[in-house]
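Q: Sharing a model prediction with you, sequence too.
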Amino acid sequence: MHKIAVLTALASSLALGLSVHAAPNKAQAATVQEAPLRGHLSFLASDALEGRGTGQRGGELTVAYLESQAMAAGLKPANGSSYRQEVKIAGVRPLPQQSNVGILAGGQALPMAFGADWVWAPGDAKPEHSMDAELVFVGYGITAPEEGWDDYKGLDAKGKILVMMVNDPAPTAAEPKRFNGAGLTYYGRWTYKLQEAARQGAAGVLLIHTDASASYGWSVVQNSWAAAERFQLADADLGTGMQGWMTDAAARKLFAAAGQDLDKLRAAAEDKAFKPVALNARVKGETRAAVRTLSEFNVAGVVPGTDPKLKDEVVIYSAHWDHMGKQGSEGDTIFNGAVDNASGTAGLLAMAQEAARHPAKRSQMFLWVAAEEQGLLGSAAYAARPLWPAEKTAANLNLDSLNFVGAAKDIGASGSERTELGAMAAATAKAMGLTIAPAKPDLAGGYFRSDHFSFAKAGIPAFSVGGGSAWVSNVEANNAKAKAYRARYHQVNDEYDPSWDLSGMVQQAQFTLNLGRMVADSPKMPAWKAGDAFGKVRAAAK
């Protein structure tokens, strides 16, 4: 028997064993159980699924597993008779050893080692490019009319490679609220910058990396860009011919060789009067990449609502099933992604099992999306072709990297304040004896980095439910555990540990299910707060 079929059969047997209980008491609330959550987590994060890589065998196994679990939990197929939604993807793997491309600065070749100094890949899914393009520094690479900001003033970007900073302009004493003050806006995300450069007609983009501006180290960039295949939606707008990053050290050498002072230009870019600066430098040579097209799958199942009218509306719970798969050929090659995001995937499975036993007035969809690590591709594909009409989707509650540390007195609801979900989250927390974690400036742009953002852009109230940090016990030890995870993020040692206390994970899943149930039973769908940019999308659609 094919190994996929074997694993699927075993998984189905496990799920059926876990879900067979005595007949449920209808008055009893849906209660997330730790045993199935832990069972799913240990399997999803195991070497058997090979890091759940996009376009890899492990991803195929994961989809089969989720499909069987949705069926075993009693969910109805969300896509006609199927639990799957196809996501067409283009895969690109740069071939630096077969390429002959470099940077000339001040007429001299600048030593640039692929992986160590810079990384690049074609953003238009073409295998070959011949380049001889001028480099232009465009500050933050932002065009924001509502902020009176344009980093492209007077620039004809066609045929040029744009060098830019990550993040967005800092607040000033005169403008303390510009670009959301200390918090990051979508303009600060590197994904926006690549898209805006393409809209401007640029030939390419090179982002300058710093740990502070990106909110992660260079090793994360290396693992995502140098060592792995990159993906984009095959039927979406294409990007530029070159997309990439360079280290801060490499950028300093480039600017100095080009006769410029990087620090002075960075300072100048903090002013809205900044204008693009042409560098005495060029990207010259040929790039080659291996390109393929493939199909990945979102997995979705539905618990039908009980109310004759409200059942036509839906609450969507989501989590991304993918991680970074297998990379390399020596040592530990599997990026298991236990916390990110086997935890959220397993949490949704445990929630679905209970929701199916205790349906709400509105329908509830459990959606496991593909290719989040590649730029929210699965959720973007869903938002573009929703299985349930967007105008009848009450909310999206997303789970990404659950609390593996321990039970907390609080719960994270950052982003919920944009909509009426904020008040509902506070009420849900109070009923559970929890508090909402204090709001902090979104320095890393977390609201724009998880799958709920694809729903928000479509006008659907959405946020990711976070874990707490006000620990019930073992405060010092738990703080150390939480802090230590930062070094495992997107590394091969993000692995499941059987000794983990999953009480906080169960708590987070239960809160999400309770909040979703409140939304599902509410007389009306939650609305965006007045003036919110994403809320305007839904208003315009009405």
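A: That came in fine, so what should we check first?
Q: Listing partners with orientation, what would you give for the lengthiest strand in the chain?
A: Ranked by residue count and defined by DSSP state E, the top strand of the chain is strand 277-303. Sheet pairing of strand 277-303 (DSSP bridges) gives strand 76-77 (antiparallel), strand 84-94 (antiparallel), strand 100-105 (antiparallel), strand 128-137 (antiparallel), strand 363-369 (antiparallel).
Q: And those: which comes nearest Ala29?
A: strand 363-369 (14.3 Å; CB to CB). C-beta here means a position set from N, CA and C on the backbone, and glycine is covered the same way.
Q: List the contacts of the next helix-or-strand element following the closest one.
A: Using DSSP states H and E, the helix or strand that directly follows strand 363-369 along the chain is helix 377-384. Residues outside helix 377-384 that contact it (CB atoms under 8 Å, 6 or more residues apart in numbering): 54, 85, 87-89, 231-233, 236, 296, 298, 318, 320, 322, 367, 369-372, 390, 451-455, 457-458.
Q: Now with 6 Å, please.
A: 87, 233, 298, 369-371, 451, 454, 458 (CB atoms under 6 Å, 6 or more residues apart in numbering).
Q: What of stretch 195-205?
A: 133, 152, 157-162, 194, 239-243.
Q: what bits of this protein have low per-residue confidence?
A: Residues of the chain that meet the criterion pLDDT under 70 lie in 1-28, 227, 536-542.
Q: run the last query once more with 80
A: Per-residue confidence for the chain (pLDDT under 80) gives these ranges: 1-28, 227-228, 236-237, 441-444, 531-542.
Q: circling back to that earlier point, quick check on the contacts of stretch 195-205: which are buried?
A: Among those, those classed as buried by 16 or more other CB atoms under 10 Å are 133, 152, 157, 160-162, 194, 239-243.
Q: Would you format these as a markdown table with distance to Ile334 and secondary structure included?
A: A markdown table is the format used below for the buried ones among the contacts of stretch 195-205 (distance: CB to CB, whole Å; DSSP: H, G, I helix; E, B strand; the rest coil):
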| residue | distance to Ile334 | secondary structure |
| --- | --- | --- |
| Ala133 | 38 | strand |
| Tyr152 | 42 | coil |
| Ala157 | 41 | coil |
| Lys160 | 40 | coil |
| Ile161 | 35 | strand |
| Leu162 | 36 | strand |
| Leu194 | 29 | helix |
| Gly239 | 29 | coil |
| Thr240 | 32 | coil |
| Gly241 | 32 | coil |
| Met242 | 30 | strand |
| Gln243 | 27 | strand |
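Q: beta partners for Thr293?
A: Ala90.
Q: What number of residues are in the vicinity of it?
A: Counted by other CB atoms under 10 Å, the residues lying close to Thr293 total 12.
Q: Just the endpoints, please. Distance across stretch 260-278?
A: Chord length of stretch 260-278, first to last residue, is 10 Å (CA to CA, to the nearest Å).
Q: contacts for it?
A: 136-139, 148-149, 153, 155, 169, 251-252, 255.
Q: Closest one of those residues to Ala533?
A: Trp149 (14.9 Å).
Q: and the residue lying closest to the closest one once chain neighbours are set aside, how many neighbours?
A: Using CB to CB, 6 or more residues apart in numbering and skipping residues adjacent in sequence, the residue nearest Trp149 is Lys272, 5.3 Å away. Neighbour count of Lys272, defined by other CB under 10 Å: 17.
Q: Could you do Gly80 as well?
A: Gly80 has 7 neighbours, counted by other CB under 10 Å.
Q: Same check on Asn79?
A: 16.
Q: ok, it - contacts?
A: Per CB under 6 Å, 6+ apart, neighbours of Asn79: 85, 387.
Q: For Leu376, find the nearest of the strands paired with strand 277-303.
A: Among the strands paired with strand 277-303, the nearest to Leu376 by CB to CB is strand 363-369 (8.1 Å).
Q: Residues contacting the closest one, please?
A: Residues contacting strand 363-369 (CB under 6 Å, 6+ apart): 66, 78, 298-305, 311, 314-321, 345, 348, 352, 355, 378-379, 451, 520.
Q: Just the buried ones out of those residues, please.
A: The neighbour-count test (16+ other CB under 10 Å) marks 66, 78, 298-303, 305, 311, 314-321, 345, 348, 352, 355, 378-379, 451, 520 as buried among these.
Q: Dump the buried ones among the contacts of stretch 195-205 into TSV; add distance to Gly188 as well.
A: Converted to TSV, the buried ones among the contacts of stretch 195-205 look like this (distance: CB to CB, whole Å):
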residue	distance to Gly188
Ala133	25
Tyr152	16
Ala157	20
Lys160	22
Ile161	21
Leu162	16
Leu194	13
Gly239	18
Thr240	19
Gly241	24
Met242	21
Gln243	17
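Q: Could I get the full set of strands for the stretch 101-250 of the chain?
A: Here the stretch 101-250 of the chain has its strands, by DSSP state E, counting those that start in this stretch, at 108-110, 118-121, 128-137, 143-144, 149-150, 161-165, 204-209, 230-233, 242-247.
Q: Helix or strand: which one has Ala429?
A: helix 421-431.
Q: Could you list the buried residues of that helix?
A: Buried residues in helix 421-431 (16+ other CB under 10 Å): 421-422, 424-426, 428-429.
Q: List the contacts of the next helix or strand after it.
A: Later in the chain than helix 421-431, the nearest helix or strand by DSSP H and E is strand 435-436. Contact with strand 435-436 is made by 410, 413, 426, 429, as judged by CB under 6 Å, 6+ apart.
Q: how close does the last one get to Ala73?
A: What it means is Ala429. 26 Å (CB to CB, to the nearest Å).
Q: Please apply the same query to the second one.
A: Ala413 sits at a distance of 26 Å from Ala73 (criterion: CB to CB).
Q: likewise the third one?
A: Applying CB to CB, one obtains 29 Å for the distance of Ala426 from Ala73.
Q: before we move on, what about Phe335?
A: Phe335 is 27 Å from Ala73, by CB to CB.
Q: Filter the contacts of helix 377-384 down to just the buried residues.
A: Of those, these count as buried by 16+ other CB under 10 Å: 87, 233, 298, 369-371, 451, 454, 458.
Q: Tell me the one of those nearest Ala527?
A: Ala458 (14.9 Å).
Q: With adjacent residues omitted, what lies nearest to that closest one?
A: Ala383 (4.5 Å).
Q: Tell me, how many residues neighbour that neighbour?
A: By other CB under 10 Å, neighbour count at Ala383 equals 23.
Q: Next: the one 3 residues further on.
A: Using other CB under 10 Å, the number of residues around Pro386 comes to 19.
Q: Which residues are in contact with it?
A: No contacts exist for Pro386 under CB under 6 Å, 6+ apart.
Q: SS state for it?
A: Put simply, Pro386 is coil when judged by DSSP: H, G, I helix; E, B strand; the rest coil.
Q: That one and Ile161, how far apart?
A: For Pro386 relative to Ile161 (CB to CB), the value is 36 Å.
Q: same check, this time on Phe455
A: Following CB to CB, the distance that separates Phe455 from Ile161 is 34 Å.
Q: thinking again about what came up before, can I get the helix holding Ala429 as CSV, trimmed to CA atoms?
A: Coordinates of each C-alpha in helix 421-431 appear next as CSV, following Å, rounded to 0.1, in the frame of the first residue of the first chain:
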residue,chain,number,x,y,z
LEU,A,421,-14.5,41.6,17.8
GLY,A,422,-12.5,43.5,20.4
ALA,A,423,-15.4,43.9,22.8
MET,A,424,-16.5,40.3,22.1
ALA,A,425,-13.0,39.0,22.9
ALA,A,426,-13.0,40.9,26.2
ALA,A,427,-16.4,39.4,27.1
THR,A,428,-15.1,35.9,26.2
ALA,A,429,-12.0,36.4,28.3
LYS,A,430,-13.9,37.6,31.3
ALA,A,431,-16.3,34.6,31.1
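Q: ok now it, how far from the chain's centre?
A: 24 Å (CA atoms, centre = their mean, to the nearest Å).
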